[in-house]
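Student: everything below, folded, please.
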Amino acid sequence: MGRWQRLRDYLILRLLLAPVMIWTVVTVVFVLLRATPGDPVDAIYGGRAPAAVKEALRVQLGLDQPLLVQYLRYLGQLLRGDLGTSLTEPGRAVRDIIGAYLPATIELAVAGFLVATVIGLGLGLVTGSSAPGSPLAIGGKLFSIVSYAVPLFWLGMLLQLGLSVAWGWFPLGTRFPVQDIPPQGPTGLYVLDSLLAGNWRQLGVALHHLALPSLTLGVVISGVLERMMRVQVRASWQGDYVEAARARGIPNRQILQHHVLPNALIPVVAILGLTLASLLGGAIVTEVTFSWPGLAQRLYEAINLRDYPTVQGIVVFFGVVVVVLSIAIDLITALIDPRVQL
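Tutor: Now for the predicted structure:
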């Protein structure tokens, strides 16, 4: 069986398993939300409404039905592409909420991903090329351990106290000044819309507000990339092809550029893809710390308000994104690395 045929069969298998993984996410979230204490009707009315009014709303929302009926009805809605309607924003579809808050999350995730990539891969390349036991190698190990272990919210507040409160270099939070008009454009991404409009003032303001939360998110993630890159670079330097290149008199700089780096980057590609997926779905702590108006922040608010449809819709959306990205990264890895067995 040829490699392309195996790749096709692997893609078909992953596509068949994707609905199963998404269904598992949907089921787990549905059960957990209803297993936790609290009543969404009380969250909407604040517990001060008469019992008859609350019961009428419960019937209207279908919360009086057995869990199995609610579950089957929700699955039917998902199959029709309907993520439901928010309980705390009556009449507003969850799909519209996702569309409104997603650009801010994408912008923060991409910026954090770029910061993590530059710091993690750059530092991993330097420490992996240094001698074992050297100050650079030890420093790289310490950085990966500390950055992985440090709580994200603690680092965010520390940077806020130092760079925002004490020195005033960056704003404390938010995505754009409240008194200013944000960039208007087709994407909802302030940086990109400012570039498209050629408005350099708005671009500077958007980048100024984006810098601190993206730095916080990127530094925490960069430790994983640094360790992976360091290990792969060190293993590549010990390969037979490096010894053969040195025997032919090729300088170390060319060996690094044409042999070590391309081979070291192949396994890192999978980590980069999964890192981007985790940033999209795991930026909630950063968004809450910096009052960033993204989808993760909206999810946090929906959890506190017991807004079942909004929580379920956002989590299902993130689940689909992670599944799609994982499939794409697996295929890219299999295409660029002939050593991968399908």
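
Student: can you tell me the closest non-neighbouring residue to Gln312?
Tutor: Nearest non-adjacent residue to Gln312, counting by CB to CB, 6 or more residues apart in numbering: Val29, 5.5 Å away. Glycine gets a C-beta too; all of them are placed from N, C-alpha and C.

Student: contacting residues around the one you found?
Tutor: 311-312, 315-316 (CB atoms under 8 Å, 6 or more residues apart in numbering).

Student: considering those residues, which possesses the most neighbours?
Tutor: Val311 (26 neighbours; other CB atoms under 10 Å).

Student: just checking, that residue touches Leu33?
Tutor: Yes: judged on CB atoms under 8 Å, Val311 makes contact with Leu33 at a distance of 6.1 Å.

Student: return the backbone torsion pair for Arg175.
Tutor: phi -100, psi -30 (degrees, to the nearest 10).

Student: that older thread, farthest pair within the contacts of Val29?
Tutor: Val311 and Val316 (9.5 Å; CB to CB).

Student: returning to what we had before: turn the contacts of Val29 into CSV, columns for secondary structure, pLDDT and distance to Pro171.
Tutor: Shown next, in CSV, are the contacts of Val29 (DSSP: H, G, I helix; E, B strand; the rest coil; pLDDT from 0 to 100; distance: CB to CB, whole Å):
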residue, secondary structure, pLDDT, distance to Pro171
Val311, helix, 87, 29
Gln312, helix, 87, 33
Val315, helix, 86, 30
Val316, helix, 87, 33
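
Student: between these, which sits nearest Leu67?
Tutor: Looking across the contacts of Val29 and measuring by CB to CB, the closest to Leu67 is Gln312, at 13.6 Å.

Student: and the closest one, what does it touch?
Tutor: 26, 29-30, 33, 74, 83-84, 94 are the contacts of Gln312 under CB under 8 Å, 6+ apart.

Student: secondary structure element holding Gly112?
Tutor: helix 94-129 (DSSP states H and E).

Student: so where do the helices sit in the stretch 51-200 of the chain?
Tutor: For the stretch 51-200 of the chain, the helices defined by DSSP state H, counting those that start in this stretch cover 51-61, 67-79, 94-129, 135-149, 152-159, 190-197, 200-237.

Student: mean pLDDT lowest for which of these?
Tutor: The weakest mean pLDDT among those belongs to helix 51-61, with a mean of 76.

Student: show me what that helix is packed up against.
Tutor: Counting contacts by 3 or more CB pairs under 8 Å, 6 or more residues apart in numbering; DSSP states H and E, helix 51-61 is packed against helix 40-45.

Student: could you report the neighbour count for Gly249?
Tutor: Count around Gly249 with other CB under 10 Å applied: 6.

Student: and Ala244, what does it touch?
Tutor: No contacts exist for Ala244 under CB under 8 Å, 6+ apart.
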